[in-house]
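Participant: just to be clear, the model below is a prediction. Sequence and coordinates:
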Amino acid sequence: MSTTIASISTAPGIGGIGIIRMSGAQTFEILEKIFKQKNPQKIEDIKGYTIKYGHIVDNEKIIDEVLVSYFKAPKSYTTENMCEINSHGGTVILKEILELCLKNGAELAEPGEFTKRAFLNGRIDLAQAESVIDIINAKSEKEAKSSINQLEGFLSRDISEIKQGILDVLVNIDVTIDYPEYDTPEVQKKEIKDMLENTINKLSRLEKSFDNGKIIKDGIKTAIIGKPNAGKSSLLNAILKEDRAIVTALAGTTRDTIEEFVTVRGVPLKLVDTAGIREAVDEVEKIGVEKSIKQAQDADLEIAIFDSSKPLDAEDLEILNLIKNKKTIILLNKTDLEQVISEDDDRLTSVTSNILKISALNKTGIEELYDKISEMFNLDEINLDNEVLITNLRHKNIISKAKENALNAKNALENNMPIDIIAIYIRQILDDLGEITGEVVTEDIINEIFSKFCLGK
Ligand code: GDP
């Protein structure tokens with residue numbers, strides 16, 4: 001019999017309410033000892049999805065006034081008996097109630113253990129379980145939507161369709177292997193070939209969706225570059241101000257950089273080295289071109305900003321040279337002042353046709369900037385209503401591996417290899433795909449996946 005686990009499921013800190021969750025066979029027994037219902041009812045008489053009012057007590061001492069939700073197996077998140085104790089928020093009360101649960105027989109849940117049980121008990125598959133963490137961590141609406149789709153089983157459905165197509169053909173192959181005196185008939189070869197091509201197409205589509213999935217999940221890694229005083233920090237402020245909902249500071253790859261994730265008008269940007277740009281307040285400290293060059297490495301998008309009220313100088317030309325072969329937008333800033341650089345300037349147009357005029361100070365032209373980024377990264381084409389997006393690197397790698405095996409099988413078929421060899425490759429595709437949904441997966445992988453979850457989920 002599995003243990004009964006307990007955990008605080010709400011975020012640490014002060015809040016209106018807090019929730020302690022328990023799951024496992026002993027849930028109601030433990031609850032009985034610590035929960036005094038206002039209108040007592042036997043557990044057998046309480047239906048699942050019922051909320052009861054009362055007090056959490058430690059012997060006679062009242063700890064808190066609470067509402068408790070009952071979920072009876074198998075109709076619960078984990079499929080086990082479960083309860084959720086809604087107490088007042090605040091760390092002290094929540095901890096006291098959790099400790100009471102533990103004292104009376106529950107064990108402290110590991111991170112992600114509730115969801116892990118939902119997976120191990122067969123309520124959801126591994127891909128669905130993984131989506132839960134993505135929903136919790138989502139930084140933009142699109143990311144949340146794609147994760148919800150995955151939880152609803154969109155990806156799992158696609159994978160199982162591919163698997164079914166393979167299985168149908170594999171059954172026929174097995175018959176042939178059992179009767180090796182017959183040559184593989186041409187009809188069968190054609191059937192295998194069609195199936196493999198179909199599989200390769202579907203896997204390629206999924207593999208390719210990772211480009212968009214990655215943008216949605218990680219944002220477009222964007223460097224704002226320009227010489228001192230061009231208007232980098234003014235632009236940064238204009239962008240950050242627009243993101244009313246979320247600004248997340250992420251630790252960058254090196255110790256002194258900070259990346260900031262913003263989503264404006266559905267365009268997710270991961271801005272590189274925002275700390276560097278912001279800190280450069282006084283003239284001496286202004287970020288030099290050299291530092292810009294460093295930032296621009298490995299960004300998905302360079303936004304190069306120039307002071308259009310001054311002629312282009314050697315430093316500007318150096319920046320233009322730097323961004324020549326990259327995905328770039330040139331911003332001619334300070335258009336509220338008299339202009340000396342034209343957008344038709346050959347030195348600019350030879351680098352990119354993406355040239356926009358803005359005033360970071362007056363915040364004009366910023367909207368056009370988002371439109372341009374949207375257009376460059378085809379963000380409007382990302383349709384989450386009926387499209388499966390791979391956002392998880394683990395899934396992407398498995399899909400690539402499965403595709404590789406499908407290509408190997410096709411090769412083997414074209415080279416008239418024996419049918420049992422071809423069958424080995426084909427079975428491998430099935431095994432690969434099973435790693436996504438979790439039928440074929442090691443305990444280590446499962447543990448690693450769930451260890452990334454937060455407590456109480
Ligand atoms: P950075 O060194 O590239 O970060 O440049 P800043 O954003 O600090 O801007 C340098 C100076 O130019 C500041 O005094 C800003 O107020 C000013 N500035 C920035 N953008 C504009 C603009 O669009 N128009 C005008 N007139 N001044 C601007």
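Facilitator: Received, thanks.

Participant: all helices for the stretch 151-300 of the chain, in order.
Facilitator: Using DSSP state H, counting those that start in this stretch, the helices of the stretch 151-300 of the chain run over 154-178, 186-218, 232-242, 274-279, 289-296.

Participant: got these as TSV, with mean pLDDT columns?
Facilitator: Formatted as TSV, those follow (pLDDT from 0 to 100):
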stretch	mean pLDDT
helix 154-178	90
helix 186-218	92
helix 232-242	83
helix 274-279	62
helix 289-296	66
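
Participant: contact residues of the protein facing the ligand?
Facilitator: 226, 228-234, 277, 280, 286, 333-334, 336-337, 359-361 (C-beta under 6 Å from any ligand atom). Placement of C-beta: from N, CA and C, glycine included.

Participant: please pick the buried ones from these.
Facilitator: 226, 228, 230-234, 277, 280, 286, 333-334, 359-361 (16 or more other C-beta atoms under 10 Å).

Participant: next step: the residues you listed restricted to strands.
Facilitator: N333 (DSSP state E).

Participant: lowest-confidence one in the buried ones among the residues of the chain next to the ligand?
Facilitator: The lowest pLDDT within those belongs to A280, with 53.

Participant: pop the domain breakdown of this protein in here.
Facilitator: What automatic domain parsing lists as the domains of the chain is 5-109, 134-215+392-451, 219-381.

Participant: how about residues contacting whichever strand or helix holds C83?
Facilitator: Element membership of C83, judged by DSSP states H and E, is strand 82-88. With C-beta atoms under 8 Å, 6 or more residues apart in numbering as the test, strand 82-88 has contacts from 9, 16-23, 27-28, 31, 35, 56, 64-71, 73, 76, 93-94, 97.

Participant: let's see 6 Å
Facilitator: 17-23, 27, 31, 64, 66-71, 76, 93, 97 (C-beta atoms under 6 Å, 6 or more residues apart in numbering).

Participant: please pick the buried ones from these.
Facilitator: Buried, going by 16+ other C-beta under 10 Å: 18-23, 27, 31, 64, 66, 68-71, 76, 93, 97, out of the contacts of strand 82-88.

Participant: restricted to strands, list those residues.
Facilitator: G18, I19, I20, R21, M22, S23, D64, V66, V68, S69, Y70, F71.

Participant: what is the least confident helix or strand in the chain?
Facilitator: strand 247-251 (a mean of 50; mean pLDDT, DSSP states H and E).

Participant: circling back: can you put the domains of the chain in TSV and add distance to L120?
Facilitator: Putting the domains of the chain into TSV (distance: least, C-beta to C-beta, whole Å) gives the following:
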stretch	distance to L120
domain 5-109	9
domain 134-215+392-451	8
domain 219-381	32
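
Participant: in what helix or strand does Y53 lie?
Facilitator: With DSSP H and E as criterion, Y53 is part of strand 50-58.

Participant: who does that strand pair up with?
Facilitator: Next to strand 50-58 in the sheet, as set by DSSP bridges, lie strand 35-37 (antiparallel), strand 61-71 (antiparallel).

Participant: could you dump those strands to JSON lines with mean pLDDT?
Facilitator: Output for the strands paired with strand 50-58, formatted as JSON lines (pLDDT from 0 to 100):
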{"stretch": "strand 35-37", "mean pLDDT": "97"}
{"stretch": "strand 61-71", "mean pLDDT": "97"}
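
Participant: let me know the secondary structure of S342.
Facilitator: Of the three states, S342 takes coil under DSSP: H, G, I helix; E, B strand; the rest coil.

Participant: correction: the previous question concerned I436.
Facilitator: helix.

Participant: same thing with the one 4 residues further on?
Facilitator: Classification of V440 into helix, strand or coil gives coil, according to three-state DSSP.

Participant: what segments of the stretch 351-457 of the chain are helices?
Facilitator: 366-376, 393-414, 419-437, 443-451.

Participant: tabulate those (CSV), appending mean pLDDT and mean neighbour count.
Facilitator: Listed next are those as CSV, based on pLDDT from 0 to 100; neighbours: other C-beta atoms under 10 Å:
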stretch, mean pLDDT, mean neighbour count
helix 366-376, 93, 17
helix 393-414, 96, 20
helix 419-437, 94, 20
helix 443-451, 91, 14
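
Participant: so for S131, which of the ones you listed sits nearest?
Facilitator: Taking C-beta to C-beta, helix 393-414 is the member of those nearest to S131, at 10.3 Å.

Participant: run the chain-centre distance for that closest one.
Facilitator: 24 Å (C-alpha atoms, centre = their mean, to the nearest Å).

Participant: now swap in stretch 308-325 and tell me
Facilitator: With C-alpha atoms, centre = their mean, you get 37 Å for stretch 308-325.

Participant: next one: stretch 322-341
Facilitator: For stretch 322-341, the distance to the chain centre is 33 Å (C-alpha atoms, centre = their mean).

Participant: end to end on it, go ahead and measure it.
Facilitator: 19 Å (C-alpha to C-alpha, to the nearest Å).

Participant: quick check: buried residues in that stretch?
Facilitator: 322-323, 326-335, 341.

Participant: what number of residues are in the vicinity of D346?
Facilitator: 8 (other C-beta atoms under 10 Å).

Participant: what pLDDT does it get?
Facilitator: 95.

Participant: wait, doesn't A360 sit right on S234?
Facilitator: Yes - A360 lies in contact with S234 (C-beta atoms under 6 Å); the separation is 3.7 Å.

Participant: for E404, give me its contacts.
Facilitator: Taking C-beta under 6 Å, 6+ apart as the definition, E404 has no contacts.

Participant: and it, how far is that from N411?
Facilitator: 11 Å (C-beta to C-beta, to the nearest Å).

Participant: before we move on, back to that, what angle separates the strand holding Y53 from strand 82-88?
Facilitator: Strand 50-58 and strand 82-88 meet at an angle of 70 degrees, taking axes from the mean of the first three to the mean of the last three C-alpha atoms, to 10 degrees as the criterion.

Participant: contacting residues around strand 50-58?
Facilitator: 34-38, 62-70, 97, 100.

Participant: again, only using 10 Å
Facilitator: 20, 31, 33-41, 46, 61-72, 83-87, 93, 96-97, 99-101, 103-104 (C-beta atoms under 10 Å, 6 or more residues apart in numbering).

Participant: ok, now stretch 444-457?
Facilitator: 5-12, 19-21, 77, 98, 108-117, 119-120, 126, 129-130, 132-133, 135-137, 392, 394, 435, 438, 441-442.

Participant: mark which of those residues are buried, thanks.
Facilitator: 5-10, 19-21, 77, 98, 109, 111-117, 119-120, 126, 129-130, 132-133, 135, 392, 394, 435, 438, 441.

Participant: so which of these belong to strands?
Facilitator: Using DSSP E, the buried ones among the contacts of stretch 444-457 in strands are I5, A6, S7, I8, I19, I20, R21.
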